[in-house]
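J.: what's the 3D shape of this:
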Amino acid sequence: MVTTLTIDCGGGGLKAAVVDDADTLCCEPVRVPTPYPLPPARLVEVLLGIAEGLPAADRVTVGLPGMIRHGVVVATPHYVNEAGPHTPVDPELFALWKGYDARAELGRAFARPVLVLNDAEVHGAALVEGRGLELVLTLGTGLGSALFDEGRLAPHLELSHAPYSRGRTYDDFLGELERRRLGDRRWSRRVLRIVDGLRPVFRWDRLYLGGGNAERLVVAMPDDVRLVANQAGVRGGSRAWTLIGV
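T.: Predicted coordinates for the structure are as follows:
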């Protein structure tokens, strides 16, 4: 049996657990607040510290926010900001994260095989059935997304940063700040409206709504939409290796 340490790196928290070949938890997940400021070296240090308190694992899967391409950070939100989400961007942090080879650096630090994906992609690995087109949207600090076709991970698109209305992005309209401002009911209606608007764009067979705020949805969703537990972010670590063809 191959075991996988899975770490879900969010804007507000870092969650981790060890899973087996079937993405079954081998231990209770742990969560620590995301520290800021957060240069890459500090993130590596914190992740190593989290791993010390968990069972040993054969390999590591890390989900990072933003555009991650072949394990390299093309762009990431939150971690380039002075004090986390919705604070000013720090130019030095921005430069450190842009082009950061997270897979290589984490591989050296953990001395084990490491897979680094967008966090919503790891989340989706625990959910998809492998039939048709499956879209995963995660609702949390911002909006995460991942697309799977017949169980294979499609190239990542940063839907969260696409303009939605009046110069504001999907992130702006669905993120945690807006949920707090609107309240759960009005925010839930907004989520439903955006889901209906995206349906003709993707023509999905199934849409999964996950992330920490999915449990706050208080309006009924259409039959082709499934609400899923946030724990998927750490349950998908093993299956992610298969879905991307590693």
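J.: neighbours around the closest residue to Leu38 other than its chain neighbours, how many?
T.: Using Cβ to Cβ, 6 or more residues apart in numbering and skipping residues adjacent in sequence, the residue nearest Leu38 is Tyr79, 4.7 Å away. Glycine gets a C-beta too; all of them are placed from N, C-alpha and C. Using other Cβ atoms under 10 Å, Tyr79 has 27 neighbouring residues.
J.: what's near enough to touch Tyr79?
T.: Tyr79 makes contact with 38, 43, 65, 93, 97 under the criterion Cβ atoms under 8 Å, 6 or more residues apart in numbering.
J.: CSV for these, including pLDDT?
T.: Shown next, in CSV, are the contacts of Tyr79 (pLDDT from 0 to 100):
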residue, pLDDT
Leu38, 98
Leu43, 98
Pro65, 95
Leu93, 98
Trp97, 98
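J.: out of these, who's nearest Thr242?
T.: Pro65 (22.9 Å; Cβ to Cβ).
J.: how far away is that closest one from Leu198?
T.: 20 Å (Cβ to Cβ, to the nearest Å).
J.: neighbour-wise, which of the two wins?
T.: Using other Cβ under 10 Å, the more surrounded residue of Pro65 and Leu198 is Pro65, with 27 against 17.
J.: what mean pLDDT does stretch 166-174 have?
T.: The average pLDDT for stretch 166-174 rounds to 91.
J.: do the same with stretch 79-90
T.: The average pLDDT for stretch 79-90 rounds to 96.
J.: For the longest helix anywhere in the chain, could you pull out the residues that count as buried?
T.: As assigned by DSSP state H, the longest helix anywhere in the chain is helix 184-202. The neighbour-count check on helix 184-202 (16 or more other Cβ atoms under 10 Å) flags 187-188, 190-192, 194-195, 198 as buried.
J.: try stretch 154-162
T.: 156, 158-161.
J.: Which strands and helices lie in contact with the helix or strand following the longest helix of the chain?
T.: Next along the chain after helix 184-202, taking DSSP states H and E as the criterion, comes strand 206-210. On a contact count with 3 or more Cβ pairs under 8 Å, 6 or more residues apart in numbering; DSSP states H and E, strand 206-210 meets strand 133-139, helix 184-202, strand 225-227.
J.: And for strand 206-210, what's in contact with it?
T.: 123-124, 127-129, 132, 134-139, 191, 195, 199, 217, 221, 224-230, 232-233.
J.: Buried by neighbour count, from these: which ones?
T.: Applying 16+ other Cβ under 10 Å to these, the neighbour count classes 123-124, 127-128, 134-139, 191, 195, 217, 221, 225, 228, 230, 232-233 as buried.
J.: Show me how far the helix or strand of the chain at the bottom of the mean pLDDT ranking is from its chain's centre.
T.: Of all helical and strand segments in the chain, the minimum by mean pLDDT, DSSP states H and E falls on helix 232-235, at a mean of 85. Taking the mean of its C-alpha atoms, helix 232-235 sits 9 Å from the chain's own mean (Cα atoms, centre = their mean, to the nearest Å).
J.: After it, which helix or strand is next?
T.: helix 239-243.
J.: got the buried residues for that following helix?
T.: For helix 239-243, a neighbour-count test (16+ other Cβ under 10 Å) marks 239-241, 243 as buried.
J.: and for it, what are the contacting residues?
T.: Helix 239-243 has contacts (Cβ under 8 Å, 6+ apart) with 4, 23, 59, 61, 115, 117, 121-122, 125-126, 128, 148, 151-153.
J.: Next: stretch 169-183.
T.: So stretch 169-183 is contacted by 12, 77, 85-86, 139-143, 159-165, 187, 190-191, 194, 213, 216 (Cβ under 8 Å, 6+ apart).
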